[in-house]
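Novice: Structure for this input, please:
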Amino acid sequence: MTIYDFTTNLDRRHTNSIKWRVKDGELPLTIADMDFRVAPEIEAAMQAKVARGNFGYEYTPDEYFTAVASWYQQEHGVDVAPAWMQYVSGVIPALTACLNYFTAPGDGIVMLEPIYNSFFGAIEKTGRKVVASQQDYDRENHAYQINWADLEEKLADTKTRMFIICNPHNPTGMVWSKMDLERMIRLANQYGVLVVADEIHGDLVIEGEDYTPTFSLDPVILSNVITLVSTSKTFNLASLQAATAIIANPLLRGRFAQAANQQGIVGPNLLAIPASIAAYENGGEWVHQLKALIKHHRQLVQQVLATDLPELSLVPGRGTYLVWLDTQAVAEDSRTLVAFLREQTGLLLTPGTEYRGNGKGFVRVNLAYPTTVIEDALARLVRGVKAYQAQK
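Specialist: Numbers count the residues shown, from 1 in each chain. Sure, this is the predicted structure:
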């Protein structure tokens, strides 16, 4: 078995990295990409493509869709027909295409807040309205649950046209059960609401029972469901702008194809296809080792909180390489704590307000770094939080 390199500390400064556009000495655990070298199998596939020396227009071959299907059978034990798939140049571009094609300005788009902040931009920039169903937060157990009565009320509104599901959920890391997914989709169907499921973190369930891909549910309830998946988070390939829409209903699939073509998001770039195929066909062991490391980093966070920062609490999400920290006992508004940490220690975290809902009392932390970096970050966190408390 190949032992992959998750220890080298890559210097991403001055490489056009959005996350690393920071001051010298600062450490950003913010934007959700990883600070590991890509799997060598993927890098080799990209290098071979570039070595051909021709960069003309390309189409998406059947091999791509077969690779996606094989991955879901191998990693998740579910079958999906390649015929259900459509290549798109990213999850957010695909969501934007759905908003533009299936809804109208002023329509309501339901989401379970707090939720991934890029959804807000996609919705509001297209003139649609965010309709928030707030998740219930159990502060004693630090867990989120769906408020079913509120969700149904929002879906039943005649102005609601779309429901965006994020599974595993960003930023909380919650993994919705099969029962919850079925209930959400049946409610949406009851009120004629289109479901768009963002499953970009689906391969990154760190512990416990695997996630349930929506497209693996009973086809009877999938007539109004569009699922979006990608190699982006799993293999750290965000800049390649590659994703797949999976749609069981052939009529909806045809309409989505029109939406994607109108949006101009169906043509792959030079490296998207070979990199994705290499990832899906040869990247399984790399992902398994990655998840073991992220689990270790979660344990490090828990140990540090228990020993040095008992005022902070870790929301026990099982998915993504992100963690959601409850900071309410230290800072009523996490933005003040985040600003203080950056100024005093150089540690950058994402304030939960970016994800709306009850995010004001939380911060999101990215754990996809070599262990030495996480240890450095945790030392800064302890030092910074103690200094913040001392000056209050």
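
Novice: Tell me how many other residues crowd His288.
Specialist: 12 (other CB atoms under 10 Å). Quick note: C-beta positions are derived from backbone N, CA and C, even for glycine.

Novice: Over to it: give its phi and psi.
Specialist: Dihedral pair for His288: phi -60, psi -40, per degrees, to the nearest 10.

Novice: quick one, helices of the stretch 51-200 of the chain?
Specialist: Counting by DSSP state H, counting those that start in this stretch, the stretch 51-200 of the chain has helices at residues 62-76, 91-102, 117-125, 148-156, 178-190.

Novice: and those, which is most packed in?
Specialist: Mean neighbours per residue, mean count of other CB atoms under 10 Å, is largest over those for helix 91-102, with a mean of 22.

Novice: contacting residues for the spatially closest residue to Thr7 that is not a sequence neighbour?
Specialist: The shortest distance from Thr7 to any non-neighbouring residue, by CB to CB, 6 or more residues apart in numbering, is to Pro370 (5.3 Å). Listed by CB atoms under 8 Å, 6 or more residues apart in numbering, the contact partners of Pro370 are 6-9, 35-36.

Novice: Show me which of those residues are buried.
Specialist: Buried members of the contacts of Pro370, counted by 16 or more other CB atoms under 10 Å: 6, 35-36.

Novice: now the strands for the stretch 1-150 of the chain?
Specialist: 27-28, 85-88, 108-113, 129-134, 136-138, 143-145 (DSSP state E, counting those that start in this stretch).

Novice: Any chance of the ones you listed in a markdown table with distance to Tyr59 as columns?
Specialist: Shown next, in a markdown table, are the strands of the stretch 1-150 of the chain (distance: least, CB to CB, whole Å):
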| stretch | distance to Tyr59 |
| --- | --- |
| strand 27-28 | 37 |
| strand 85-88 | 9 |
| strand 108-113 | 32 |
| strand 129-134 | 36 |
| strand 136-138 | 46 |
| strand 143-145 | 42 |
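
Novice: got those as a markdown table, with distance to Leu314 and mean pLDDT columns?
Specialist: A markdown table is the format used below for the strands of the stretch 1-150 of the chain (distance: least, CB to CB, whole Å; pLDDT from 0 to 100):
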| stretch | distance to Leu314 | mean pLDDT |
| --- | --- | --- |
| strand 27-28 | 19 | 98 |
| strand 85-88 | 34 | 99 |
| strand 108-113 | 20 | 99 |
| strand 129-134 | 21 | 98 |
| strand 136-138 | 14 | 96 |
| strand 143-145 | 11 | 94 |
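
Novice: Export those to JSON lines and append columns for mean neighbour count and distance to Leu322.
Specialist: Listed next are the strands of the stretch 1-150 of the chain as JSON lines, based on neighbours: other CB atoms under 10 Å; distance: least, CB to CB, whole Å:
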{"stretch": "strand 27-28", "mean neighbour count": "20", "distance to Leu322": "13"}
{"stretch": "strand 85-88", "mean neighbour count": "24", "distance to Leu322": "23"}
{"stretch": "strand 108-113", "mean neighbour count": "24", "distance to Leu322": "16"}
{"stretch": "strand 129-134", "mean neighbour count": "18", "distance to Leu322": "20"}
{"stretch": "strand 136-138", "mean neighbour count": "14", "distance to Leu322": "17"}
{"stretch": "strand 143-145", "mean neighbour count": "17", "distance to Leu322": "14"}
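
Novice: which one of those strands lies closest to Leu381?
Specialist: strand 27-28 (10.1 Å; CB to CB).

Novice: got the phi/psi numbers for Asp333?
Specialist: Dihedral angles for Asp333 - degrees, to the nearest 10 - are phi -120, psi 110.

Novice: which residue packs closest to it, ignoring adjacent ones?
Specialist: Asp333's closest residue in space is Lys360 (CB to CB, 6+ apart), at 5.5 Å.

Novice: what's near enough to touch that neighbour?
Specialist: 332-335, 352-353.

Novice: what does Trp324 give?
Specialist: 171-173, 314-315, 317, 352, 362-365.
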